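Undergrad: coordinates for the following, if possible.
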Amino acid sequence: MSADPSLTLTVDPASGTPVFEQVREAIRAQVDAGDLAPGFRLPPVRTLAASLDLAVNTVARAYKELEALGVVETRGRAGTFVTGSGVHRSAREAAAAYVGSVRALGLSDDAALDAVRHALGR
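TA: Alright, predicted model coming up:
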């Protein structure tokens with residue numbers, strides 16, 4: 001069953017793996033694979049539970065464990081958003097692009113770091 005065009009989840013109630021773990025691992029795998037990008041808003045707990053024909057508490061537990069793992073963050077009524085390794089991957093990619101740019105400009109590593117410190121100080 002699919003809960004969202006970008007989020008593909010299937011659960012097997014007959015599996016030996018608890019359903020909340022199946023939900024947690026399916027979401028985590030999609031984040032790790034880059035299929036769910038940083039900032040992607042997961043469906044509300046009730047919506048996902050209804051679409052998968054699961055108890056609300058089952059999905060809530062999966063989301064809570066994903067949050068404890070740093071894969072998602074809950075922003076109150078705004079919803080639950082992907083952070084996870086995708087955020088770190090995006091940061092590394094941005095850093096690599098920045099290094100390429102400052103090296104092309106001929107800046108030293110110290111000058112490049114000073115520019116970053118200045119930007120972060122804002």
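Undergrad: the protein: strands as residue ranges?
TA: For the chain, the strands defined by DSSP state E occupy 41-42, 72-74, 80-82.
Undergrad: for Arg117, find the nearest of these.
TA: strand 72-74 (26.0 Å; C-beta to C-beta). C-beta: built from backbone N, CA, C; applies to glycine.
Undergrad: tell me which strands the closest one pairs with, and in which orientation.
TA: Sheet pairing of strand 72-74 (DSSP bridges) gives strand 80-82 (antiparallel).
Undergrad: tell me the buried residues in the partner strand?
TA: For strand 80-82, burial by neighbour count (16 or more other C-beta atoms under 10 Å) applies to 80-82.
Undergrad: re the thing from before, now distance to Leu7 and mean pLDDT too, for the strands of the chain, in a markdown table please.
TA: Below are those laid out as a markdown table (distance: least, C-beta to C-beta, whole Å; pLDDT from 0 to 100):
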| stretch | distance to Leu7 | mean pLDDT |
| --- | --- | --- |
| strand 41-42 | 7 | 96 |
| strand 72-74 | 12 | 92 |
| strand 80-82 | 10 | 94 |
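Undergrad: of all these, which one comes closest to Arg28?
TA: Arg28 lies closest to strand 72-74 among those, at 9.2 Å (C-beta to C-beta).
Undergrad: out of the strands of the chain, which is closest to Ala29?
TA: Across those, Ala29 has its closest neighbour in strand 80-82 (12.3 Å, C-beta to C-beta).
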